[in-house]
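Participant: Provided below for reference: sequence and predicted model.
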Amino acid sequence: MGVAAKPVEAAVYRSRRAGLVGLAYLAPALAFVLVFTVYPLGRMMWMSLHNWSLLTPPVYVGFDNYERVFRDRQFWVSFLFTLKYTALITPVLIVGGYLLALLTAHNSPLRKVTRTVVFVPVVIGLGVSSLLWYWLFSADFGLVNRALVDLGVVSGPVLWLGVDADTSNFAISASVVWKVIGFGMILFVGAIQAVPTEITEATLVDGAGYWQRVTRVILPLTLRTVLLVTLLSVIGSLLAFDQFYIMTAGQPQNETATSVFYVYLNSFPYLKLGYGAALSMVLAVTILAFTVVQLLLARRSEV
Amino acid sequence: MRARRGYLVGAVCVAICAVMLMPLLMSVLASVKPTAEAAATPPTYLPHSVSLDSYQRLWSYQQGLPTYLWNSLGTALLTIALTLLLTVPAAYALARFPIPGKEVVFVVLLLALIVPYQAMLTPMFLMFADLGLTNSLFGLAILHTAIQLPFSLYILRNSFGAVPRELAEAAIVDGASSWQALVRIFLPSTVPAIVTVALFAFIMSWNEFLGALVMMSKGSKFTLPLILAAARTETSLGGTDWGMLQAGITISIVPCVLVYLLLQRYYVSGLMSGATK
């Protein structure tokens, strides 16, 4: 009997009964997830196969909703705009975040303070920061236009938000960069600090300059974190909602309504629940593809 | 040469701090401008005189600021409580007990990581409406707990797994049950992880916008971000009340920044272990 040495411990954590006790500790969380995550997911799949508008009982329509999604012009406008936003903001977040991390990775007091300050906007709400930038970018009441006019960069107030899709995209991306750039930076700092000092010192002896060290040693050794942060940023951008709802409300003509925004519009104000569910499913599958890549990357690097 | 580069790095750091803090500082300053100045166009950079008018208007706006503060705070506290009540025992079970099919159970529990809640709001709303959980702080806290559960469980499971086996065994030899071992040995040893989980739950719930927008349709149940977003469009006949908006932004930001500065190391360590693994 191998367990005889510690019979008491075995009874509490290793016996057959221990499995049941463990299940009892696990049961509340498991029940919660089954009710509030698994069930809605199943219901969403079911809804996406039905035509349903709260007022009338649901009617089974097969894959009609999905067919409609792919023929829906606004779905593509929203999807492509979301991709455009993601393509615009991701490189800035990654390159900018990495440069900030290189700047502040050493633990001198000034650099630590800089790290803390750059991270502050990460902990405030995206909704609230969007309201703040809605004011800063406001044509007549905003300080951005005031400063640009005073500096002579523009002759009159620029209409940043809700008039032109590209201008809005630019202004909103700038505000979100301010809000989330510290997130990548903090993770990059962690990765850079984990690079063994012997390796960086060895290259110093070889006479490599700073940027050579970055490109030949630090960047390759932190590549996994760069990839993970890129994926997290891409997923976050594909799910963008708050900033567009608050800063442009989808204007002009829903050109800046992102994918999540379009799901929201169909499900809530328009009450096309079946159609909203089909849109949600398409969105969920898109995100799933990116998440699978992320998990594969994470798994491979643990070995 | 080296010294000059040091100065350059220092100057860049100071410039970056200035750029990052400027929007926050400008908002706080705008919140103490007198009513007329806050609505001036073009806007003034610095307040010409200081006044708390904007805060006064916010205090009595619609249902009154105390209602919205309470809705936000109540939801956040309920979210913390629910998250901990569910994930602490579950993490204990996953880290220490021989549960059949443990790996599968863990994946099911992390499901919300794979399917974002933004994509599930429609069925969740219908379900919550059936259960009478819309326009309820408790209902919103349930939604926020569902969002926060996978991350919390992951952090806590790792932390429970790291408690030395001998510690628990010693207690059990002394006659403690698994529950007593949880309370006497595991909880005190995992305080940092518990603080991290509570901190993330608070910040997420206090700030969350889309879920609250969908679940809360009654003005009296609005959280702070919701009432501010509503105030942006529907203030008075004279257009947006910018001063009041800045006062609201300032009040929303202060608790987050305070808890972050006080508990920074918990936040950063949670982020590192939660995001990169």
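Facilitator: Thanks, I have the structure now.
Participant: how near is A:Phe188 to chain B?
Facilitator: Distance, A:Phe188 to chain B, using C-beta to the nearest C-beta, to the nearest Å: 10 Å. For every residue, glycine as well, the C-beta is placed using N, CA and C.
Participant: that residue touches A:Val229, doesn't it?
Facilitator: Yes: using C-beta atoms under 8 Å, A:Phe188 is in contact with A:Val229, at 7.0 Å.
Participant: which neighbours do those two have in common?
Facilitator: Residues touching both A:Phe188 and A:Val229 (C-beta atoms under 8 Å, 6 or more residues apart in numbering or on different chains): A:Gly97.
Participant: so what's B:Met120 up against?
Facilitator: With C-beta under 8 Å, 6+ apart, B:Met120 has these contacts: A:Thr37, A:Pro40, A:Leu41, A:Met44, A:Ser280, A:Ala284.
Participant: and the third one, which of the three is it?
Facilitator: I take that to be A:Leu41. Under DSSP: H, G, I helix; E, B strand; the rest coil, A:Leu41 falls in the helix class.
Participant: what pLDDT does the model give it?
Facilitator: On pLDDT, A:Leu41 comes in at 92.
Participant: ok, the fifth one next?
Facilitator: Per-residue confidence for A:Ser280 comes out at a pLDDT of 92.
Participant: how about it: what's its closest non-neighbour residue?
Facilitator: Among residues not flanking A:Ser280 along the chain, B:Ala119 sits closest, at 4.6 Å (C-beta to C-beta, 6 or more residues apart in numbering or on different chains).
Participant: ok, the one you found - contacts?
Facilitator: Here B:Ala119 is in contact with A:Met44, A:Leu239, A:Val260, A:Val263, A:Ser280, A:Met281, A:Leu283, A:Ala284, A:Ile287 (C-beta under 8 Å, 6+ apart).
Participant: correct me, but the fifth one touches A:Ser48?
Facilitator: So the one you mean is A:Ser280. Yes: the pair A:Ser280 / A:Ser48 is scored as a contact, 7.4 Å apart, by C-beta under 8 Å.
Participant: of those two, give the one with the bigger neighbour count.
Facilitator: A:Ser280 (29 against 26; other C-beta atoms under 10 Å in any protein chain shown).
Participant: can you map out the helices along the stretch 51-200 of chain A?
Facilitator: According to DSSP state H, counting those that start in this stretch, the stretch 51-200 of chain A carries its helices in the segments A:64-71, A:73-104, A:109-123, A:126-136, A:143-150, A:165-193, A:197-205.
Participant: which secondary structure elements does whatever helix or strand A:Ala18 lives in sit against?
Facilitator: According to DSSP states H and E, A:Ala18 maps onto helix A:16-33. Identification of packing neighbours for helix A:16-33 by 3 or more C-beta pairs under 8 Å, 6 or more residues apart in numbering or on different chains; DSSP states H and E yields helix A:7-13, helix B:65-96, helix B:102-109, helix B:137-161.
Participant: between the ones you listed, which gets nearest to A:Phe183?
Facilitator: Between A:Phe183 and those, the shortest gap by C-beta to C-beta is with helix B:137-161, which sits at 14.1 Å.
Participant: that older thread, nearest to B:Ile80, out of the helices of the stretch 51-200 of chain A?
Facilitator: Across the helices of the stretch 51-200 of chain A, closest to B:Ile80 is helix A:109-123 (C-beta to C-beta), at 15.6 Å.
Participant: what's the neighbour count on the residue of the stretch 1-150 of chain B found nearest chain A?
Facilitator: Scanning the stretch 1-150 of chain B for proximity to chain A using C-beta to the nearest C-beta identifies B:Phe97 as nearest, at 2.5 Å. B:Phe97: 21 surrounding residues under other C-beta under 10 Å.
Participant: residue contacts, the closest residue to it other than its chain neighbours?
Facilitator: Distances taken as C-beta to C-beta, 6+ apart put A:Gly22 closest to B:Phe97, at 2.5 Å, once the chain neighbours are dropped. For A:Gly22, the contacting residues are B:Ala93, B:Arg96, B:Phe97, B:Pro98, B:Ile99, by C-beta under 8 Å, 6+ apart.
Participant: can you redo those residues as JSON lines with pLDDT?
Facilitator: Below are the contacts of A:Gly22 laid out as JSON lines (pLDDT from 0 to 100):
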{"residue": "B:Ala93", "pLDDT": "94"}
{"residue": "B:Arg96", "pLDDT": "89"}
{"residue": "B:Phe97", "pLDDT": "90"}
{"residue": "B:Pro98", "pLDDT": "88"}
{"residue": "B:Ile99", "pLDDT": "87"}
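Participant: so which strand or helix has the spatially most central residue of chain A?
Facilitator: Centroid-nearest residue in chain A, with C-alpha atoms, centre = their mean: A:Gly236, separated by 1.6 Å. According to DSSP H and E, A:Gly236 maps onto helix A:223-238.
Participant: that helix: which residues count as buried?
Facilitator: By neighbour count with 16 or more other C-beta atoms under 10 Å in any protein chain shown, helix A:223-238 contains the buried residues A:225-238.
Participant: so the residue of the stretch 1-150 of chain B closest to chain A sits against A:Arg16, correct?
Facilitator: No: at 11.3 Å, B:Phe97 does not count as touching A:Arg16 under the criterion of C-beta under 8 Å.
Participant: for the helices and strands packed on helix A:16-33, which has the smallest mean pLDDT value?
Facilitator: The minimum mean pLDDT among the helices and strands packed on helix A:16-33 belongs to helix A:7-13 (a mean of 64).
Participant: count residues in the vicinity of B:Glu103, would you?
Facilitator: For B:Glu103, using other C-beta under 10 Å, the count is 9.
Participant: list the contacts of residue 102.
Facilitator: No chain was given, so I picked chain A. Taking C-beta under 8 Å, 6+ apart, we find A:Leu102 in contact with A:Phe188, A:Ile192, A:Val214, A:Ile218.
Participant: that's the other chain; I wanted chain B
Facilitator: Residues near B:Lys102 by C-beta under 8 Å, 6+ apart: B:Leu94.
Participant: element containing the residue nearest the centre of chain B, please.
Facilitator: Nearest residue to the geometric centre of chain B (C-alpha atoms, centre = their mean): B:Ile203, 1.4 Å. Element membership for B:Ile203 (DSSP H and E) is helix B:191-207.
Participant: same for that helix, what does it pack against?
Facilitator: helix A:126-136, helix B:65-96, helix B:137-161, helix B:242-262, helix B:264-275.
Participant: which of those helices sits closest to B:Ala171?
Facilitator: Proximity of the helices and strands packed on helix B:191-207 to B:Ala171 was assessed by C-beta to C-beta; the nearest stretch is helix B:65-96, lying at 12.5 Å.
Participant: show me where the stretch 101-250 of chain B dips below the pLDDT cut-off.
Facilitator: Within the stretch 101-250 of chain B, the segments meeting pLDDT under 70 span B:234-238.
Participant: relative to chain A, which residue of it is the closest?
Facilitator: With C-beta to the nearest C-beta, the shortest gap between the stretch 101-250 of chain B and chain A falls at B:Asn207, namely 2.9 Å.
Participant: what's the burial count for the spatially closest residue to A:Leu227 that is not a sequence neighbour?
Facilitator: Once flanking residues are discounted, A:Leu227 sits nearest to A:Leu297: 5.6 Å by C-beta to C-beta, 6+ apart. Burial of A:Leu297 is recorded as 14 neighbouring residues (other C-beta under 10 Å).
Participant: on that earlier part again, chain center to the helix holding B:Ile203, what's the gap?
Facilitator: Centroid separation for helix B:191-207 versus its chain: 7 Å, with C-alpha atoms, centre = their mean, to the nearest Å.
Participant: the residue of the stretch 101-250 of chain B closest to chain A and A:Gly125 touch, don't they?
Facilitator: Yes: in this structure B:Asn207 lies within contact range of A:Gly125 using C-beta under 8 Å: 2.9 Å.
Participant: flag every residue of the stretch 51-200 of chain A that's near chain B.
Facilitator: A:100, A:103-104, A:110-111, A:113-114, A:116-121, A:123-128, A:131-136, A:138, A:140-143, A:145-146, A:149, A:157, A:178, A:183, A:186-187, A:190-191 (C-beta under 8 Å from any C-beta of the partner chain).
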